[in-house]
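Trainee: Mind looking at a prediction? Sequence and model below.
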Amino acid sequence: MKIELPSAFVELDNRIRSEKFVRAVLSGRRRNMQSEYERIDIKPVLIKDEIKWQVISSDGKKDITKNVAADFNFTQLFESGYANLLVDTQDESYQVRISKKDEALVAISKVKLTRDLSHDRQKMRMLPENNQVFKALELSDILGRIKPSKMDKYKQVDEFLRLISQTLDPELSKQDEISVVDLGCGHAYLTFAVQEFLTDKYQKVSILGVDERVDSKEHNEKVAAKLKVDAKFIAAKIADTPDQRVDIAIALHACDTATDDALYWAVKNKAKVVMAAPCCMHELQTQIKDSPEPWGLLTKYGLVKERLVDLMTDSLRAQILKLLGYRVDIVEFIGGEHTARNILIRAVFTGAKPSQIEITRYEELLTQWQIEPYLAKLLADELKAAAAL
Ligand SMILES: C[S@@+](CC[C@H](N)C(=O)[O-])C[C@H]1O[C@@H](n2cnc3c(N)ncnc32)[C@H](O)[C@@H]1O
């Protein structure tokens with residue numbers, strides 16, 4: 001639904017001030033505007049018997065927390081350059097995306113959320129520690145607390161859910177059903193958490209987890225039975241995954257070119273959203289013997305070369321998706337203290353035609369470095385068609 005921006009701001013403001021307000025998230029950058037922080041989270045807090053609003057501003061590295069009272073001007077905050085504005089009340093999620101033309105694209109969905117008025121500085125979690133999913137996955141103990149040894153995994157899953165929630169654009173939010181495919185799902189921590197997270201937002205959530213390991217499939221089917229949820233698992237190579245309808249394709253730490261297989265499968269099956277956090281990468285490393293000058297200045301150091309080529313691999317993956325009509329960004333999805341593999345490629349299909357400069361940049365980089373990324377080989381026909389448009 002498209003409405004005037006000021007009306008959307010009034011709606012958001014009313015909801016934030018309502019007694020049912022649960023949380024708000026402001027993120028993404030509005031065209032030609034620069035917001036002061038990467039993201040702002042707001043939640044209600046009870047301080048000395050008075051309701052206040054806790055505003056957590058994050059620049060991606062650290063959070064600044066401030067409690068504000070009813071006289072605070074939220075509208076000013078809404079106007080300060082964020083493209084995605086989400087306000088959840090206990091029964092409704094009100095999501096606004098501000099378009100390039102400064103229109104408010106609104107999506108409203110039914111949710112069932114609990115209002116938490118505690119004001120400790122714990123980060124708001126997308127799924128609480130005591131959620132049944134974490135118990136079934138044996139991440140949490142009998143009292144519903146995440147086991148210390150599993151805390152990193154929990155934080156990683158939580159951050160991934162946060163990024164998914166920011167990516168559910170109005171188009172996707174409008175659907176009654178959603179289909180998610182997790183490629184290289186392992187023991188399906190993320191898979192089940194995504195299913196649980198989306199169940200609140202959609203009438204039907206279809207889940208498929210793919211992993212080449214038969215023991216993963218067996219483990220995951222047992223967990224699905226314990227949770228009484230309808231999630232399907234297959235033991236197969238990502239490249240052999242049967243084609244199917246998919247809204248969100250995810251791949252968390254699928255090894256080396258398995259990430260490329262996942263991206264290829266997602267593109268081929270017209271995934272609307274692709275979220276991939278790559279793992280170890282060797283493919284391009286082995287292709288690069290000599291670097292074009294003056295890059296020898298960096299590549300003469302083995303460690304620097306390795307990191308540079310890893311970044312190049314992910315940037316090329318992102319560029320390939322861009323050339324094929326996806327809006328792409330690369331984000332750090334969890335701080336380096338939890339895992340060194342902390343890049344996430346997030347792509348949303350828009351169908352936008354690539355500009356000539358983007359095509360030229362991509363082609364020149366391949367020519368200068370004398371490389372052909374594995375994903376480019378897989379998507380050769382699609383890339384040729386996109387360049388010819
Ligand atoms: C590092 S684990 C990550 C598991 C899970 N995504 C997570 O983050 O918890 C990588 C998983 O990908 C699977 N895998 C690697 N290459 C694969 C391929 N080509 N096809 C299917 N599964 C693959 C492995 O069996 C393993 O379970």
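Mentor: Arrived safely, thanks for sending. The structure displayed is predicted, hence computed values, not measured ones. Numbers count the residues shown, from 1 in each chain.
Trainee: quick one: contacts for whichever residue of the chain sits closest to the ligand?
Mentor: Residue of the chain nearest the ligand, by CB to the nearest ligand atom: Gly186 (2.6 Å). Every residue, glycine included, has its C-beta placed from N, CA and C. Each residue near Gly186 by CB atoms under 8 Å, 6 or more residues apart in numbering is listed here: 211, 213, 216, 253.
Trainee: Which residue is the nearest non-sequential neighbour of the second one?
Mentor: With sequence-adjacent residues excluded and distances taken as CB to CB, 6 or more residues apart in numbering, Arg213 is closest to Ala235, at 6.6 Å.
Trainee: Show me what that neighbour is bridged to.
Mentor: Taking DSSP bridges as the rule, Ala235 bridges to Asp211.
Trainee: Pretty sure Gly209 is one of the things it touches, is it not?
Mentor: No. The pair Ala235 / Gly209 is not scored as a contact, 10.0 Å apart, by CB atoms under 8 Å.
Trainee: Overlap in contacts, these two.
Mentor: Shared contacts of Ala235 and Gly209, defined by CB under 8 Å, 6+ apart, comprise 216-217.
Trainee: Out of these two, name the residue with the larger neighbour count.
Mentor: Ranked by neighbour count (other CB atoms under 10 Å), Ala235 and Gly209 place Gly209 first, with 29 against 15.
Trainee: secondary structure class for the more buried one?
Mentor: Under DSSP: H, G, I helix; E, B strand; the rest coil, the three-state class of Gly209 is strand.
Trainee: what pLDDT does it get?
Mentor: Model confidence at Gly209, given as pLDDT, is 98.
Trainee: Leaving out the residues flanking it, which one is nearest to it?
Mentor: That would be Cys185: by CB to CB, 6+ apart, it lies 3.6 Å from Gly209.
Trainee: Which positions in the stretch 201-350 of the chain make contact with the ligand?
Mentor: With the criterion set to CB under 6 Å from any ligand atom, the stretch 201-350 of the chain comes near the ligand through 210-213, 216, 237-238, 252-255, 258, 261, 279.
Trainee: Which ones among the residues you listed lie within helices?
Mentor: Cross-referencing those against helices under DSSP state H gives 216, 258, 261.
Trainee: ok, Leu379 - contacts?
Mentor: 264, 267, 320, 324.
Trainee: Could you measure from it over to Glu103?
Mentor: 33 Å (CB to CB, to the nearest Å).
Trainee: Helices of this protein, start to end?
Mentor: Using DSSP H, helices in the chain cover 5-17, 74-78, 132-136, 151-167, 170-174, 189-199, 214-227, 258-268, 283-287, 296-299, 302-323, 356-369, 374-378, 380-388.
Trainee: now the shortest one: mean pLDDT?
Mentor: For helix 296-299, mean pLDDT rounds to 94.
Trainee: and it, what does it pack onto?
Mentor: Counting contacts by 3 or more CB pairs under 8 Å, 6 or more residues apart in numbering; DSSP states H and E, helix 296-299 packs against helix 302-323.
Trainee: In stretch 135-147, which residues are buried?
Mentor: By neighbour count on 16 or more other CB atoms under 10 Å, the buried set for stretch 135-147 is 135-137, 139-140, 146.
Trainee: List just the nearest of the residues you listed to Glu4.
Mentor: Ranked by distance to Glu4 (CB to CB), the buried residues of stretch 135-147 are led by Ile146 at 43.9 Å.
Trainee: coming back round to it: ok, of the helices of the chain, where does mean pLDDT dip lowest?
Mentor: Among the helices of the chain, helix 170-174 carries the lowest mean pLDDT (a mean of 74).
Trainee: Please save the CA atoms from that helix in PDB.
Mentor: The C-alpha coordinates for helix 170-174 follow below in PDB (Å, rounded to 0.1, in the frame of the first residue of the first chain):
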ATOM      1  CA  PRO A 170       6.700  -4.700   1.700                       C
ATOM      2  CA  GLU A 171       6.300  -7.000  -1.300                       C
ATOM      3  CA  LEU A 172       7.300 -10.100   0.700                       C
ATOM      4  CA  SER A 173       5.500  -8.900   3.800                       C
ATOM      5  CA  LYS A 174       2.200  -8.900   1.800                       C
END
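Trainee: Fine by me, thanks again.
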